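Novice: this one's structure only:
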């Protein structure tokens, strides 16, 4: 270019290229708008944990009771060989992501030397009165790369101020202790139980004060109770979320201990105003606390496997209780069963049959590659297929490289933009009938939905979304 320097020419080319790129970007459709309530960053991180351990431990461990009355001599708490590192290593090898411990159950006994109580490990004489279970557990979990959660029951059958306005400040003080002295807490677990204290009175709980204390000390913590606000009880202790399970819930007029029907908690509300996903809590033993009489009554590997599919496989997290024994260690039978359970699940999901498959969608948002159906087959949760805003029903067709046998289908919605899908069907191509044959039907998907069905052999699969509340969005499809 005569009269123009080489550097000026190169600069002009860059400007033109940027302008063309910007013009191309402007032609892409915008991402879908969030629909309804959506998870916070903390709730999303919590959901992605999926599976963690519940630990019920305290005086009940040594009295063979499920609910202590608060009158126990604190000296009954005397683990002879407490080893929280063994708990943490057991959880880690089981594939769990954290441990939630009963720091204070209804009996009022504190597993840490609380300044607000005289019914604690300090009075037990264990470790000559200097012991602190929470300290040992928090240190062990962090060494093992696990997160820590805390269960504190507001019911206290020992504290003399229970049943008076002063007790709410006592309990808030206990919360502040455990939430400031032991590092980061991923979940604060509140039991809504409300019975009589040692003076025969019941407490009117100050839930706003309790919640404010949690958020002041641990702003990232997800608060569990019957009705949230961070996550909710699934409505049963059987390890079962609903076949329909919305992560949304209406909580107007409700508080922990004053709950909707178990059926509502199990399924959520399709148009609930708040994002409050379900957590499924269940014990590996018949009871929550250890008892020697239950050493031979653990849930079988098949039972635990079914629980996995009816909890994590139905848009819920799984909180599996594994209670330490009187020595302060997880029993070898429990540890072995957890490893067998992990091996069974890993075997179920070892080989994704969709390697090399192709996916086509009946509609793709703006026909743009950034929302194309092939994003369903990558390993990136944050990439997704999306439909146009006007679409409420659409079909996805998957073609495999060859005929193969499968029995499980895994689906994930991109929940940072809300939960949308309310009904869908799955068909497979039947060579003998030379037609599509129904395979499964379901309602909600949410963060993760896993469908199980008899062994089926085919090279084509069809997912028909029959009803979405807003344009459907999926991040993952996998076949096993």
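Specialist: Cool, the structure landed. Note that this is a predicted model, so its numbers are computed, not measured.
Novice: And the strands in the stretch 101-250 of the chain?
Specialist: Ranges of strands in the stretch 101-250 of the chain, per DSSP state E, counting those that start in this stretch, are 147-152, 187-190, 222-225, 231-233, 248-249.
Novice: which stretch among the ones you listed comes nearest residue 352?
Specialist: Closest approach to residue 352 among the strands of the stretch 101-250 of the chain (Cβ to Cβ): strand 147-152, 27.4 Å. (Glycine included, C-beta is placed from N, CA and C.)
Novice: re earlier: any idea which of the strands of the stretch 101-250 of the chain gets closest to residue 311?
Specialist: strand 231-233 (12.5 Å).
Novice: average pLDDT for the closest one?
Specialist: Predicted confidence along strand 231-233 averages 97 (mean pLDDT).
Novice: Make TSV out of the strands of the stretch 101-250 of the chain and add distance to residue 375.
Specialist: Output for the strands of the stretch 101-250 of the chain, formatted as TSV (distance: least, Cβ to Cβ, whole Å):
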stretch	distance to residue 375
strand 147-152	29
strand 187-190	31
strand 222-225	28
strand 231-233	28
strand 248-249	25
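Novice: could those strands go into a markdown table alongside distance to residue 422 and mean neighbour count?
Specialist: A markdown table is the format used below for the strands of the stretch 101-250 of the chain (distance: least, Cβ to Cβ, whole Å; neighbours: other Cβ atoms under 10 Å):
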| stretch | distance to residue 422 | mean neighbour count |
| --- | --- | --- |
| strand 147-152 | 31 | 23 |
| strand 187-190 | 28 | 26 |
| strand 222-225 | 25 | 26 |
| strand 231-233 | 19 | 26 |
| strand 248-249 | 12 | 22 |
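Novice: what's the closest of the ones you listed to residue 305?
Specialist: With Cβ to Cβ as the measure, strand 231-233 is the member of these nearest residue 305 (22.7 Å).
Novice: nearest to residue 299, of the strands of the stretch 101-250 of the chain?
Specialist: Here strand 231-233 is closest among the strands of the stretch 101-250 of the chain (Cβ to Cβ), at 19.7 Å.
Novice: So what are the sheet partners of the closest one and their directions?
Specialist: Here strand 231-233 has these sheet partners by DSSP bridges: strand 222-225 (parallel), strand 278-283 (parallel).
Novice: and those strands as TSV, adding distance to residue 390 and mean pLDDT?
Specialist: Converted to TSV, the strands paired with strand 231-233 look like this (distance: least, Cβ to Cβ, whole Å; pLDDT from 0 to 100):
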stretch	distance to residue 390	mean pLDDT
strand 222-225	35	98
strand 278-283	31	98
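Novice: can I get those strands in JSON lines with distance to residue 73?
Specialist: Shown next, in JSON lines, are those (distance: least, Cβ to Cβ, whole Å):
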{"stretch": "strand 222-225", "distance to residue 73": "31"}
{"stretch": "strand 278-283", "distance to residue 73": "26"}
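Novice: Could you say which one of these comes nearest to residue 382?
Specialist: So among the strands paired with strand 231-233, strand 222-225 is nearest, using Cβ to Cβ, at 20.5 Å.
Novice: pretty sure residue 225 is touching residue 233, no?
Specialist: Yes. Counting by Cβ atoms under 8 Å, residue 225 does reach residue 233; the two are 7.2 Å apart.
Novice: which residue ends up closest to the midpoint of the protein in space?
Specialist: Nearest residue to the geometric centre of the chain (Cα atoms, centre = their mean): residue 317, 2.9 Å.
Novice: Now do the same contact list for that residue.
Specialist: If you count contacts by Cβ atoms under 8 Å, 6 or more residues apart in numbering, residue 317 has them with 46, 47, 49, 50, 51, 52, 231, 277, 278, 279, 280, 311.
Novice: Closest to residue 143 out of these?
Specialist: The closest of the contacts of residue 317, once distances to residue 143 are taken by Cβ to Cβ, is residue 52, at 16.5 Å.
Novice: ok, now how distant is that closest one from residue 96?
Specialist: 5 Å (Cβ to Cβ, to the nearest Å).
Novice: strands paired with the host helix or strand of residue 437, and their directions?
Specialist: Using DSSP states H and E, residue 437 sits in strand 435-442. Here strand 435-442 has these sheet partners by DSSP bridges: strand 421-430 (antiparallel).
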